[in-house]
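Asks: Take a look and give me a structure for this.
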Amino acid sequence: MSTRPRRTAPRPLRWVAAAVTAPFRGDRPLILAVVVSLAVAGMLLMSPAQRYLDAQARVEVLEVKDQVLADEVARLEQRVDDLHDPEHLELLAREQQGFARPGEVVYRIIPPDTDEVAEDPADESLEAFDVDESAVEQPPLHEQVWRLVSGVLGLG
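Replies: Have a look, this model is predicted:
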């Protein structure tokens with residue numbers, strides 16, 4: 001029997017081999033498997049959960065729209081009922097068209113012409129003080145700053 005000396009890995013490779021095999025000793029493989037399984041399960045459940053939340057949001061929006069439309073339908077049904085009521089039709093004809101029963105006198109109040117422009121009280125205040133409007137106007141701030149800077153630097 002010839003015994004050959006056992007070959008051992010050089011020292012740096014032993015360290016790498018130990019680092020690779022260390023997580024697989026003792027309870028570590030079980031813990032690692034559980035963590036990886038939970039991560040995979042979380043990733044697999046993320047998409048359905050997001051779709052579920054999106055669907056819930058859409059349902060809420062549609063419920064609000066349904067309520068708005070139901071209110072609109074109720075309002076329009078009430079309007080139809082009102083338009084079938086002769087008393088309501090008479091009231092609308094009197095208010096909107098100016099109709100009257102025989103023997104009644106209709107008085108209409110006509111608003112004054114709005115073509116005339118009302119004078120601005122601010123204009124009157126300037127006239128009262130006899131202020132020259134051209135003296136009140138000043139150039140914008142950026143132009144004032146530019147004039148100051150160009151005057152100091154001799155640019156213009």
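Asks: CA atoms for contacts and neighbours, from now on please.
Replies: Noted.
Asks: ok, how many other residues are close to residue 147?
Replies: 15 (other Cα atoms under 10 Å).
Asks: And for residue 93?
Replies: Residue 93, neighbours per other Cα under 10 Å, totals 13.
Asks: Hmm, it is touching residue 99, no?
Replies: Yes. The pair residue 93 / residue 99 is scored as a contact, 5.7 Å apart, by Cα atoms under 8 Å.
Asks: Mutual contacts of those two, please.
Replies: Here residue 93 and residue 99 share no contacting residue, scored by Cα atoms under 8 Å, 6 or more residues apart in numbering.
Asks: Name the next helix or strand following the helix or strand where residue 38 lies along the chain.
Replies: Taking DSSP states H and E as the criterion, residue 38 maps to helix 28-84. Note on helix 28-84: by DSSP H and E, the next helix or strand toward the C-terminus is helix 86-92.
Asks: Please export the C-alpha coordinates of that following helix as CSV.
Replies: Only the C-alpha atoms of helix 86-92 are listed here, as CSV (Å, rounded to 0.1, in the frame of the first residue of the first chain):
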residue,chain,number,x,y,z
PRO,A,86,-99.5,72.4,-15.4
GLU,A,87,-99.0,74.8,-12.5
HIS,A,88,-95.2,74.5,-12.9
LEU,A,89,-95.5,75.1,-16.6
GLU,A,90,-97.6,78.2,-16.1
LEU,A,91,-95.0,79.5,-13.6
LEU,A,92,-92.2,78.9,-16.1
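Asks: Does the helix holding residue 38 pack against any helices or strands, and if so which?
Replies: In terms of contacts (3 or more Cα pairs under 8 Å, 6 or more residues apart in numbering; DSSP states H and E), helix 28-84 is packed against helix 86-92.
Asks: what distance separates the helix it packs on from the centre of its chain?
Replies: Helix 86-92 sits 44 Å away from the centroid of its parent chain (Cα atoms, centre = their mean, to the nearest Å).
Asks: neighbouring contacts of it?
Replies: Applying Cα under 8 Å, 6+ apart, the external contacts of helix 86-92 come out as 82-83.
Asks: Flag every buried residue along that helix.
Replies: When neighbours are counted by 16 or more other Cα atoms under 10 Å, no buried residue of helix 86-92 is found.
Asks: what is the rounded mean pLDDT of it?
Replies: Mean per-residue pLDDT for helix 86-92: 89.
Asks: measure the most centrally placed residue in the chain to residue 111 for me?
Replies: Ranked by distance to the mean C-alpha position of the chain (Cα atoms, centre = their mean), the top residue is residue 61 at 14.9 Å. Using Cα to Cα, to the nearest Å, residue 61 is found at 46 Å from residue 111.
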